[in-house]
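Peer 1: I would like the atomic coordinates for the input below:
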Amino acid sequence: MALAERLFVLQFGAERVSKALSLVGGDPDHHYWEPLSGAVVQTSEGWVLFDTGMSRHNHDAAAVEQVYRGNLPPGPLPGPPWHLPPAPPADRCTWGLPGDPLVGALAGVGLRPADLALAVVSHFHWDHSGGIATLAEAGVPVLVHADELEWARGGRAEFGAGFDAADWTAPGTRWQTVDAETEVAPGVVVLPTPGHTPGHLSLQVELSGTGTWIFPADATDLAQNLLDDVPCGSCAGGTEDDEQQARESLALLLARTRETGARLVPGHDQVAVSAVRHPPGGHR
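Peer 2: Coordinates of the predicted model:
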């Protein structure tokens, strides 16, 4: 397999969510601040982005805040203070980098959206797909699993479950789709990992110095998913087949990690994301 050249780990913001969304059997009253994370990879064919964070509009939208809050009233959030950087707000359930979070995260590593050759979006929850309109405006092709696009366009991805149709109806989006494990650029492979959503994708990257990296997005939110072999707690399709696919996707990720010795970075774990923060110049 060809090798990618370097990798930057990105954080677009964070969200306050129930542990039950991240882990089967998780306490629904135990809430975490979970990072909105992604990666950007330099290859011989250009830069490849994985995930985009949430749009500025949705970070600021009262309707989105209400989805996160549920029955909680407006005002300061209950629970102990958050001890890890970056510090979240005391009275909102999401935060994002100033302005367009995707633009800000890329600027932090010296890039603009127009510098990207391709963007891979793991799935259409708004905390992963909110930058698609920005990518469309920059003319960047957006790759998703064919099942994810079909499912979203079929009207089953509902706002109250964390989906915003604006993300997959952005005018001028240059869609590309896959339906199997595919090398999309030298050293960059997308892995179908359905369950959390019908067309969820993870990303595998091969570097010369640090070896294999796997970014599972929401197929495994937390280190606990991996340590205890517990699948994600939320399956948008809502069927037993979706739950079985989530278990199989976790098994695939763990098996691939054993085979390759990969650095498997859970998608919503602040300890893990902070621990693999890139050095100056990126991981190589």
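Peer 1: how about residue 150, what does it touch?
Peer 2: residue 199 (C-beta atoms under 8 Å, 6 or more residues apart in numbering). For every residue, glycine as well, the C-beta is placed using N, CA and C.
Peer 1: let's see 10 Å
Peer 2: When contacts are counted by C-beta atoms under 10 Å, 6 or more residues apart in numbering, residue 150 touches 144, 156, 177, 198, 199.
Peer 1: likewise for residue 34?
Peer 2: Contacts for residue 34 were tallied using C-beta under 10 Å, 6+ apart; they are 14-17, 19, 21-22, 127, 218, 221-222, 266-270, 273.
Peer 1: for residue 85, which non-adjacent residue is spatially closest?
Peer 2: Excluding the flanking residues, the one nearest residue 85 by C-beta to C-beta, 6 or more residues apart in numbering is residue 274, at 7.5 Å.
Peer 1: and that neighbour, how many neighbours does it have?
Peer 2: Neighbours of residue 274 under the rule other C-beta atoms under 10 Å: 15.
Peer 1: so what's residue 226 closest to, chain neighbours aside?
Peer 2: Excluding the flanking residues, the one nearest residue 226 by C-beta to C-beta, 6+ apart is residue 220, at 5.6 Å.
Peer 1: the one you found: how many residues sit nearby?
Peer 2: Residue 220, neighbours per other C-beta under 10 Å, totals 32.
Peer 1: how about the nearest residue to residue 53 once chain neighbours are set aside, phi and psi?
Peer 2: Once flanking residues are discounted, residue 53 sits nearest to residue 12: 2.6 Å by C-beta to C-beta, 6+ apart. Dihedral pair for residue 12: phi -90, psi -20, per degrees, to the nearest 10.
Peer 1: would you verify that residue 134 is located in a helix?
Peer 2: Yes. Applying DSSP: H, G, I helix; E, B strand; the rest coil, one finds residue 134 inside a helix.
Peer 1: quick one: contacts for it?
Peer 2: 52, 55, 56, 100, 101, 102, 103, 106, 113, 119, 140, 170.
Peer 1: and it, how far is that from residue 18?
Peer 2: In this view, residue 134 and residue 18 are 29 Å apart by C-beta to C-beta, to the nearest Å.
Peer 1: can you get me the start-to-end distance on stretch 110-129?
Peer 2: End-to-end distance for stretch 110-129: 21 Å, by C-alpha to C-alpha, to the nearest Å.
Peer 1: roughly how far is that stretch from the heart of the chain?
Peer 2: The chain centroid and the centroid of stretch 110-129 are separated by 10 Å, computed with C-alpha atoms, centre = their mean, to the nearest Å.
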